[in-house]
Each structure stands twice: as C-alpha cells, then as structure tokens.
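Enquirer: compute the structure for the input listed below.
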Amino acid sequence: MPTRLESNRPLRVAIIGAGPGGLVLAQLLRDDPGFEVTVYERGEAEGDETSSLTGYRILITPELLDSLRKHLPADVQMLLEKAIGVSQKNGNRLGMMDTMCRLICRVDLAGMRSLCSVSRWKLRKALLSGSREFVKFGRVFTSYEVDGSKGVKVSFSDGESIHCDLLVGADGAGSRVRKQLLPDSSRSSTGVTTIYFKAPYTPETEAMIPWASGIMAMAPRRSMVVAYYKNPAKPYGPYDLNNIDPEDSFLMVGMGCYTNEFFNQDKHPDELTPEELKDECLNRARGWHPLLQALIAITVPNSVFVSHIKTQDPIEPWKTGQVTILGDAAHSMTPFLGQGATNAIVDAMTLAEKLKWTEEKEKETITAGVREYESSMLKRGNAAVKNSLYALDLTFAWGNTPWRAWFRNLALSFWDILTPHPANLVEPFPVSYSESNKKGN
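Expert: Model (predicted):
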C-alpha cells in the first residue's frame with residue numbers, strides 16, 4: 001500500500017456504510033490533504049433511516065466527547081453539541097428491579113453517572129454536515145478485488161466500480177466487506193428479540209421514569225428497559241401518542257423476550273404491525289407494576305423498532321492488507337451495555353490516528369498503521385462483545401426459570417450491599433409528581 005509521499009497523491013480511502021463509525025472516520029480525514037475520502041451508503045437519502053435505531057440514543061463518555069470536540073471539523077462540533085441531552089441532576093443511573101418495581105441493585109458509580117446521553121438522530125445529522133462533498137448515497141456495495149498497483153477495485157450493484165488504496169467496511173453487523181475479507185467469520189443468534197418504542201417526554205411522563213434515571217426490570221425469561229433522551233433546546237415535547245418528532249425529547253421503552261415465546265404466535269415478529277407489537281408488550285406486562293404497564297401504554301406505535309439480537313463470534317487476527325473493518329462490521333454485540341455505537345466511534349478515531357501518524361512520520365507504510373489499528377480494535381471489540389453477552393445472559397440465561405431468577409436477584413442484592421454507592425442520592429420511587437421531588441432529581 002503506497003504512502004502519499006511515495007505516490008505523490010492523497011491516499012484514497014473508500015468507506016462502505018454511513019453509520020456513526022464510517023462518518024466519524026470520514027469527518028476526521030476529510031480536511032487532511034493527505035487523504036481523499038469517500039463514503040458509499042446504500043440508503044437513497046440522508047433521512048432514510050428514520051425507522052431504525054438511528055432515532056434513539058447512545059451513551060458516550062465525557063472523555064470520548066472531548067476527543068470528538070478536539071478533532072472533528074468546527075461545523076460538526078457545533079451540531080454535535082446540540083445532540084448532547086440533558087442528564088438528571090444525579091447523572092445517568094440504572095436501577096435493576098423486579099416486575100413489581102422492587103429495587104434489586106443499583107448501577108450508579110461515577111463512570112455510569114457521568115455518561116452523556118446523545119441523540120442518535122442528531123449525531124447522524126451532525127456527522128452528515130458537509131456530506132455532499134464526501135458521501136455518495138444509493139451505492140450498494142457488492143464486492144472488492146485487490147488490484148495490484150491500482151489498489152482495491154470496489155464494485156457496486158449498479159455495475160459501476162471505483163479504485164481506492166484502502167477500503168474500510170463500516171457496513172454494519174451484516175457487513176458484506178467482512179464476509180469477503182473473513183469468509184469463516186460468523187455471528188450467533190442469542191434467541192432474544194427486543195421491541196423498542198418511544199413515548200412522549202412531558203413534565204408528567206418525566207416523573208414516571210422509574211428511579212428518576214432509568215431501569216432494567218427483570219422477569220423470568222423477559223425484560224423491560226426504560227431510558228430517556230432530553231433535548232436541551234426543547235426539554236419537553238407534546239403529549240402526542242401518534243407521533244414523536246425526531247427533534248423531540250422522548251422516553252425509550254424496550255421489551256425483550258425469547259423470539260419463540262412471543263404471545264402472538266400467529267405471525268413472525270417481523271410481520272406484526274406496530275399496533276400488534278404494542279399489544280405484545282402489554283400482554284407480557286400483565287400482572288406487573290401499574291407504572292410499568294402505564295409506560296408501555298403511552299408508547300407511540302409508529303416509533304417501533306424490532307431487534308433480533310445476534311452477537312459476533314470472536315474474530316482472530318488476519319493478515320493486514322488494503323481492506324479493513326470497523327464497528328459492528330467487526331464486533332457486533334448485544335445492546336445490553338449500550339456500547340456498540342461508542343465502540344464504532346472509538347474504532348474510527350483510532351484508525352484515523354494511525355493513518356495520520358504513519359502519513360505524517362513518513363517512516364512506515366499505511367499498512368503498518370492499519371495493522372496497529374486492527375490489533376487494538378480486535379482486543380477492545382472482542383472484550384466488549386464478551387461483556388455485552390454477559391449482560392444479556394445475566395438477564396436471560398441466569399433468569400430462565402423462576403428459581404434461577406430468584407437466586408440471581410438475591411446475588412445481585414448482595415452485590416449491591418457490598419458495593420459502595422454515592423451518598424445522599426435522592427431515590428424516590430415508584431413515582432411522585434411533587435415539585436419538591438422533581439427538584440431532588
């Protein structure tokens with residue numbers, strides 16, 4: 001693989017996929033004269049992914065946000081600030097509860113409480129700033145061929161092809177780039193499907209958030225997660241049960257269970273209408289705490305997203321060449337730790353750093369920088385996959401029967417007792433609408 005110095009031209013970088021990782025990498029390289037970067041996205045337009053998890057939120061560490069602020073172009077930084085949500089007074093905490101809202105354990109250490117809630121939709125909007133210069137929509141990648149001195153030949157479904165010096169697969173969990181690069185790689189189904197909805201965020205529904213920040217309610221073989229995103233520019237939205245605007249603050253409600261244990265057995269989950277999916281969630285919550293049932297009842301059907309949870313089987317290092325992968329293409333994981341998008345962003349920043357370092361130092365070929373990136377990415381990514389699967393197993397495999405769920409909850413309760421927690425955190429529950437209570441949170 002040539003360096004810019006050797007070829008007297010910018011290094012041509014082609015990125016497949018305009019998700020968070022691919023767009024961050026493109027933004028970090030776009031203004032560097034040593035690189036010529038283009039993103040190829042299969043979607044037809046910038047707003048195509050409104051029905052996906054693009055519309056929800058991710059949690060990002062303050063350190064990662066500071067790094068993005070430091071390295072992204074100014075126009076992207078400005079929009080990024082608008083994507084960062086307002087946290088509750090005591091930060092982002094998670095209460096693990098049973099279905100009657102009895103607190104089992106608290107996840108509220110400083111690292112958790114300092115996490116920043118970022119709107120996926122607003123983040124994507126920020127990362128698409130200036131995209132007409134480097135993003136080509138409607139381009140469906142089909143295959144690549146390492147083409148000697150010409151670099152990598154990249155082919156698309158319309159019959160067109162381009163050449164690049166480095167091909168980066170950022171095309172998600174079903175990555176076609178990974179399938180060609182690593183044909184023996186595989187992903188495993190966890191057997192769990194989660195249904196996500198949004199609900200209106202108003203002063204009244206804000207007071208309904210269990211434990212003020214969010215919870216994971218666990219039942220044998222089922223789960224429910226409640227979280228939120230609060231837009232600093234528009235903290236409260238309308239109480240509209242038919243639609244939630246992408247700019248609006250929202251509650252997020254997710255209901256997980258084994259795919260073959262849906263109440264509605266008349267259709268495959270993918271064939272259920274949004275209203276049928278909402279009924280499915282209501283049926284699962286029969287006999288649960290009224291607050292949890294109420295949160296499901298106020299969800300907006302057209303905001304639904306169904307996720308059949310799979311996880312990447314461990315990938316062993318491969319011989320570095322002119323093709324690499326990042327994000328879910330390399331290490332797709334369960335959503336139970338909320339680290340997928342964050343890891344994709346870290347991958348992109350690491351790869352950009354390694355590419356720029358080798359180009360600036362002029363001591364190594366770009367291949368050496370990619371090799372260093374792949375080594376750190378695989379180590380970090382495989383560990384994140386393992387940890388996220390552990391979190392899913394904690395909810396499902398360890399709670400497959402009422403007795404196992406009881407022992408799991410008992411163990412978590414002891415863990416909570418032995419774990420130091422921040423002092424003087426107000427923890428009203430199950431719900432209060434008083435002004436004094438709101439001020440305490």
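Enquirer: center of the protein - which residue?
Expert: Centroid-nearest residue in the chain, with C-alpha atoms, centre = their mean: Ala341, separated by 3.7 Å.
Enquirer: so Thr38, which state does it fall into?
Expert: Classification of Thr38 by DSSP: H, G, I helix; E, B strand; the rest coil places it in strand.
Enquirer: got phi/psi on the closest residue to Thr395 other than its chain neighbours?
Expert: Leaving aside its sequence neighbours, Thr395 sits nearest to Ser223 (C-beta to C-beta, 6 or more residues apart in numbering; 4.9 Å). Using the backbone N, CA and C atoms, a C-beta is placed for each residue, glycine as well. Dihedral angles phi and psi of Ser223 (degrees, to the nearest 10) take the values phi -150, psi 160.
Enquirer: tally of neighbours for Ser223?
Expert: Other residues within reach of Ser223, judged by other C-beta atoms under 10 Å, total 23.
Enquirer: my guess is it contacts Val253, does it?
Expert: No: judged on C-beta atoms under 8 Å, Ser223 makes no contact with Val253 at a distance of 11.4 Å.
Enquirer: what's the following helix or strand after the helix ranked longest in the chain?
Expert: Taking DSSP state H as the criterion, the chain has its longest helix at helix 366-395. Tracing the chain C-terminally past helix 366-395 and defining elements by DSSP states H and E, one meets helix 402-418 next.
Enquirer: CA atoms only: put that following helix into PDB for me.
Expert: Provided in PDB are the C-alpha atoms of helix 402-418 (Å, rounded to 0.1, in the frame of the first residue of the first chain):
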ATOM      1  CA  PRO A 402     -38.400 -18.500  38.500                       C
ATOM      2  CA  TRP A 403     -35.900 -20.200  40.800                       C
ATOM      3  CA  ARG A 404     -32.900 -19.200  38.800                       C
ATOM      4  CA  ALA A 405     -34.200 -15.600  38.600                       C
ATOM      5  CA  TRP A 406     -34.800 -15.600  42.400                       C
ATOM      6  CA  PHE A 407     -31.200 -16.700  43.100                       C
ATOM      7  CA  ARG A 408     -29.900 -14.200  40.500                       C
ATOM      8  CA  ASN A 409     -31.800 -11.400  42.200                       C
ATOM      9  CA  LEU A 410     -30.500 -12.500  45.600                       C
ATOM     10  CA  ALA A 411     -26.900 -12.500  44.300                       C
ATOM     11  CA  LEU A 412     -27.400  -9.000  42.800                       C
ATOM     12  CA  SER A 413     -28.800  -7.800  46.100                       C
ATOM     13  CA  PHE A 414     -25.800  -8.900  48.000                       C
ATOM     14  CA  TRP A 415     -23.600  -7.300  45.300                       C
ATOM     15  CA  ASP A 416     -25.500  -4.100  45.800                       C
ATOM     16  CA  ILE A 417     -24.900  -4.200  49.600                       C
ATOM     17  CA  LEU A 418     -21.200  -4.800  49.200                       C
END
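Enquirer: ok, and the closest non-adjacent residue to Asp313?
Expert: Asp313's closest residue in space is Ser186 (C-beta to C-beta, 6+ apart), at 4.8 Å.
Enquirer: ok, that neighbour to Glu316 distance?
Expert: 12 Å (C-beta to C-beta, to the nearest Å).
Enquirer: same question for Asp245.
Expert: In terms of C-beta to C-beta, Asp245 sits 45 Å off from Glu316.
Enquirer: got a list of what the residue nearest to Thr395 touches?
Expert: By C-beta atoms under 8 Å, 6 or more residues apart in numbering, the contact set of Ser223 is Thr194, Met216, Ala217, Gly254, Met255, Gly256, Cys257, Thr395, Phe396.
Enquirer: swap the cut-off to 10 Å and go again
Expert: Counting by C-beta atoms under 10 Å, 6 or more residues apart in numbering, Ser223 touches 96, 99, 192, 194, 216-217, 254-257, 284, 336, 392, 394-396, 399.
Enquirer: before we move on, back to that, where's the residue nearest to the centre of the chain, which helix or strand?
Expert: Assigned by DSSP H and E, Ala341 falls in helix 340-361.
Enquirer: wait, Ala329 sits on Lys179?
Expert: Yes: applying C-beta atoms under 10 Å as the test, Ala329 and Lys179 come out as touching, 9.5 Å apart.
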